[in-house]
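K.L.:
Coordinates for the following, if possible.
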Amino acid sequence: MFEAIEALPPDPILGLSAAYKKDTNPNKVDLGVGVYKDESGNCPVMTAVKKAEFKKCGEEDSKAYIAQAGPESYISHTRELLLGNAHPVLREGRVSCVLAPGGSGSLRLAAEFINNNAPGSKIYVSNPTWANHVPLLSSSGLQLEQYPYYDYASHSLDFDAMTSSLATAKKGDLVLLHGCCHNPCGADLSHAQWQIMTDMALAQGFTPFIDVAYQGLGDGLDEDAYGMRLMAEKLPELIICSSYSKNFGLYRDRVGSVTIIAENSETCAAVGTQVVSTARQMYSVPPAHGAFLVAAILGDEELTKEWNDELTEMRDRINGLRRMLVAKLTEIGVEKDFSFIQNEKGLFSFLGLSREQVESLIKDYSIYLVGSSRINVAGINNSNIDYLAESIAKVL
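P.N.:
This is a model prediction of the structure:
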């Protein structure tokens, strides 16, 4: 059975991480894998998470299965974090939410749910987008079509090309949008552009499919939720796939959710049963630990404040690193304009370098980044920024 199976090459991003670990250059810099890193280069456990874990350890008296949809406290807090406490769709009973195993699990669960109920549906995906969107969504049976999003020449969102392409989307189609902190380019929709996309969805009938993996790491928890809250208010249907990997640092605990807004409460209830049924076919019941931690933190005023304060520090550090890198490149006399980096949001930006320049950074300077020149900004710190800027100047 297995004799004809061929080995696959390492994942391009995870392979970078492995190469970085083997590199003996003391000046090496890891800008590849998309996790938040502190000034020491560590991916820290948030203080509020540690406190919640300690409390949970003392209280937990069973490891029995949890409800298939997830703990009610987790579901309630997730809906409110995404949509706000007073959003009209919450009062109207139009929101169904299901715990999923991480952001990837939420995307796959939503895709399987759609394909089970509307086989072969088309989903429009931005070019560029997170690399794993394509295999996650297409292998569920959805039909993928790309729409232009980023202009590599101007290092900015090409909204005219985006809307022109999406003019063909119709009722029954899905349009994948990044809720904030676009991965991999960091260029987000403005408030006015979110309004235009909402108007298009309303007029054409397509259903937005929003991926929210970085809420709170752009401008703030509420600010980063502007687009999805607007769409939730104006549209009859909306799908939101969210993750707590980045904003709670729960990468390995795999905590995410599928949140679906339906036209009325009756349809919403039916949708909830179908999503849970789909989950049952895939993995039966979700993991509990990370969900309990999220619920414990968001259900405790002091822990919520501590978590939000630490998230604010993370966000401010990332935005400060963006400004610092641009200033450092300017200071050492680089003529290329990198100012776009400080205008983008979240962990990622493109440097706008050629494939050959990226290969030189890796081979000659031990600076590890994706071939598209996408960097994880959080991999920069005070001890490596001079070397990074000088190395970029040299390959230019």
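K.L.:
Kindly check the end-to-end length of stretch 133-153 for me.
P.N.:
24 Å (Cα to Cα, to the nearest Å).
K.L.:
Residues in contact with it: which ones?
P.N.:
The contact list for stretch 133-153, computed with Cβ atoms under 8 Å, 6 or more residues apart in numbering, reads 104, 107-108, 111-112, 114-115, 119-129, 156-158, 161-162, 165-166, 174-176, 182, 185, 187, 211, 350, 352. For every residue, glycine as well, the C-beta is placed using N, CA and C.
K.L.:
6 Å - rerun?
P.N.:
107-108, 111-112, 115, 120-128, 158, 161-162, 165-166, 185, 187 (Cβ atoms under 6 Å, 6 or more residues apart in numbering).
K.L.:
Could you list which of these belong to strands?
P.N.:
Counting by DSSP state E, these place 122-127 in strands.
K.L.:
Selecting buried members of the contacts of stretch 133-153 in ChimeraX, what would you type?
P.N.:
Applying 16 or more other Cβ atoms under 10 Å to the contacts of stretch 133-153, the buried members can be selected in ChimeraX as follows:
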select :107,108,111,112,115,121,122,123,124,125,126,128,158,162,165,166,185,187
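K.L.:
Check which helix or strand I239 maps to.
P.N.:
strand 238-243 (DSSP states H and E).
K.L.:
Could you name the helices and strands sitting against the longest helix anywhere in the chain?
P.N.:
With secondary structure taken from DSSP state H, the chain has its longest helix at helix 301-331. With contacts taken as 3 or more Cβ pairs under 6 Å, 6 or more residues apart in numbering; DSSP states H and E, helix 301-331 sits against helix 47-59, helix 289-298, helix 340-343, helix 385-395.
K.L.:
Give me the buried positions along it.
P.N.:
Result for helix 301-331 [16+ other Cβ under 10 Å]: buried residues 303-304, 306-308, 310-311, 314-315, 317-319, 321-322, 324-326, 328-329.
K.L.:
Could you do stretch 66-81 as well?
P.N.:
66, 68-71, 74-75, 77-79, 81.
K.L.:
out of the residues you listed, who's nearest G41?
P.N.:
L81 (28.9 Å; Cβ to Cβ).
K.L.:
Please name the nearest non-neighbouring residue to the spatially most central residue of the chain.
P.N.:
Closest residue to the average C-alpha location of the chain: A213 at 2.6 Å, with Cα atoms, centre = their mean. Once flanking residues are discounted, A213 sits nearest to S243: 4.4 Å by Cβ to Cβ, 6 or more residues apart in numbering.
K.L.:
Show me the beta-bridge partners of the one you found.
P.N.:
G256 (DSSP bridges).
K.L.:
close enough to count as contact, it and G256?
P.N.:
Yes - S243 is within contact range of G256, at 4.5 Å (criterion: Cβ atoms under 6 Å).
K.L.:
hang on, the earlier thing: what's near enough to touch the residue nearest to the centre of the chain?
P.N.:
Shown in contact with A213 (Cβ under 6 Å, 6+ apart): 103, 243, 246.
K.L.:
State the distance from it to P184.
P.N.:
According to Cβ to Cβ, to the nearest Å, A213 stands 12 Å off from P184.
K.L.:
How about R323?
P.N.:
20 Å.
K.L.:
Repeat that for A225.
P.N.:
Counting by Cβ to Cβ, the gap from A225 to P184 is 21 Å.
K.L.:
do the same with Q146
P.N.:
For Q146, the distance to P184 - Cβ to Cβ - is 14 Å.
K.L.:
Those two: which has the busier surroundings?
P.N.:
Shown here are Q146 and P184; by other Cβ atoms under 10 Å, P184 has more neighbours (23 against 13).
K.L.:
ok, the more buried one touching F348?
P.N.:
Yes - at 4.8 Å, P184 counts as touching F348 under the criterion of Cβ under 6 Å.
K.L.:
Return every residue with contacts to both of those two.
P.N.:
R374.
K.L.:
For stretch 82-97, give me every contacting residue.
P.N.:
With Cβ under 6 Å, 6+ apart as the criterion, stretch 82-97 contacts 75, 78-79, 229, 232, 240, 257, 259-262, 265, 268, 271-272.
K.L.:
Would you mind pulling the contact partners of the helix or strand of the chain with the lowest mean pLDDT?
P.N.:
None of the helices or strands of the chain scores lower by mean pLDDT, DSSP states H and E than helix 12-22, at a mean of 85. Contact with helix 12-22 is made by 30, 32-33, 368, as judged by Cβ under 6 Å, 6+ apart.
K.L.:
tell me which residues in it are buried?
P.N.:
Buried, per 16+ other Cβ under 10 Å, within helix 12-22: 13, 16, 19-20.
K.L.:
same deal with stretch 228-242?
P.N.:
228-229, 231-232, 235, 237-242.
K.L.:
Check stretch 244-260 too.
P.N.:
244-251, 253-260.
K.L.:
what distance separates the start and the end of that stretch?
P.N.:
End residues of stretch 244-260 are separated by 17 Å (Cα to Cα).
K.L.:
Show the pLDDT at K56.
P.N.:
Predicted confidence (pLDDT) for K56: 90.
K.L.:
Count residues in the vicinity of it, would you?
P.N.:
15.
K.L.:
let's number from 488 now, not from 1
P.N.:
Got it, first residue is 488 now, which makes that one K543.
K.L.:
How about it, nearest residue that isn't a chain neighbour?
P.N.:
F779 (5.6 Å).
K.L.:
ok, how many other residues are close to the one you found?
P.N.:
Counted with other Cβ under 10 Å, the neighbours of F779 add up to 23.
K.L.:
Pull up the gap between it and M769, please.
P.N.:
Taking Cβ to Cβ, one finds F779 at 21 Å from M769.
K.L.:
same deal with D645?
P.N.:
Distance from D645 to M769, by Cβ to Cβ: 36 Å.
K.L.:
now do I862
P.N.:
34 Å.
K.L.:
Looking at the two, which one has more neighbours?
P.N.:
I862 (30 against 15).
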